[in-house]
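# no sequence for this one, just the structure:
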Ligand SMILES: [Zn+2]
């Protein structure tokens with residue numbers, strides 16, 4: 001039995017429910033009834049989905065960005081979500097098929113546009129306590145990029161993070177640098193290097209082919225090493241003992 005809710009996707013949701021039910025049957029081999037399935041599409045900020053199994057009901061909330069995806073993509077996603085619920089590794093073929101879909105032209109663009117319009121982005125003052133990102137960006141742009149990097153929103157992260165030193169958010173065309181680096185005891189060269197890395201992301205778009213995605217293609221890595229005080233910057237970051245990564 002599958003149940004679907006009216007979320008403006010009536011017929012599709014019914015089919016999707018049936019797909020989840022059939023995947024559940026393959027994965028959950030216990031005898032007896034498989035859980036009821038309740039699928040709804042939601043206007044999440046990105047291509048996010050949630051699945052929860054509670055009291056005999058599998059409730060699935062799928063990003064409405066999936067509407068229009070063909071049944072095999074939905075089936076692959078169902079395999080991934082159901083496998084995770086049962087703490088199993090999703091089949092590699094399903095992961096590949098889903099990734100290919102998400103990375104396909106058009107879909108990827110729609111995800112970016114949706115993040116831009118629905119997602120919230122906290123942009124704080126780029127002038128920090130120790131370092132001014134606006135001034136640093138202009139200086140690096142002139143010195144190392146011949147001013148070729150277009151104006152980009154700059155921000156210190158709203159909160160310090162143990163996970164990443166910085167990131168470039170393509171949807172909001174914003175570079176966000178970890179607030180932990182905005183301290184006098186952090187050498188300027190370390191902050192400059194992180195900012196330089198993120199500026200390289202503005203310059204080098206993510207490459208994707210055959211379901212794989214290269215966030216740091218070889219040309220990116222080669223140029224990263226041309227940072228004038230590369231070894232010194234890396235050593236300074238190591239010394240800060242930040243376990244965080246750059247992405
Ligand atoms: Zn990176």
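Now that the structure is in, tell me what you want to look at. Source: prediction; values computed, not measured.
# Report the contact partners of residue 125.
Contacts for residue 125 (CB atoms under 8 Å, 6 or more residues apart in numbering) come out as 155, 156. C-beta here means a position set from N, CA and C on the backbone, and glycine is covered the same way.
# typo on my end, residue 171
112, 113, 115, 116, 119, 121.
# Can you list which of those residues are found in helices?
Within the contacts of residue 171, residues falling in helices by DSSP state H are 112, 113, 115, 116.
# about what we covered before: reformat the contacts of residue 171 as CSV; add distance to residue 157.
Below are those laid out as CSV (distance: CB to CB, whole Å):
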residue, distance to residue 157
112, 21
113, 24
115, 17
116, 19
119, 15
121, 11
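# Mind picking the lowest-pLDDT entry from the residues you listed?
On pLDDT alone, residue 121 ranks lowest of these, at 74.
# And for residue 27, the neighbour number?
14 (other CB atoms under 10 Å).
# who touches the closest residue in space to it that isn't next to it in sequence in this structure?
Nearest non-adjacent residue to residue 27, counting by CB to CB, 6 or more residues apart in numbering: residue 82, 5.1 Å away. Neighbour list for residue 82: 20, 23, 24, 27, 51, 58 [criterion: CB under 8 Å, 6+ apart].
# Over to the second one: give its phi and psi.
It refers to residue 23. phi -70, psi -40 (degrees, to the nearest 10).
# Isn't it up against residue 75?
Yes. At 6.7 Å, residue 23 and residue 75 qualify as touching, with contact defined as CB atoms under 8 Å.
# Before I go, just wanted to say thanks for your time.
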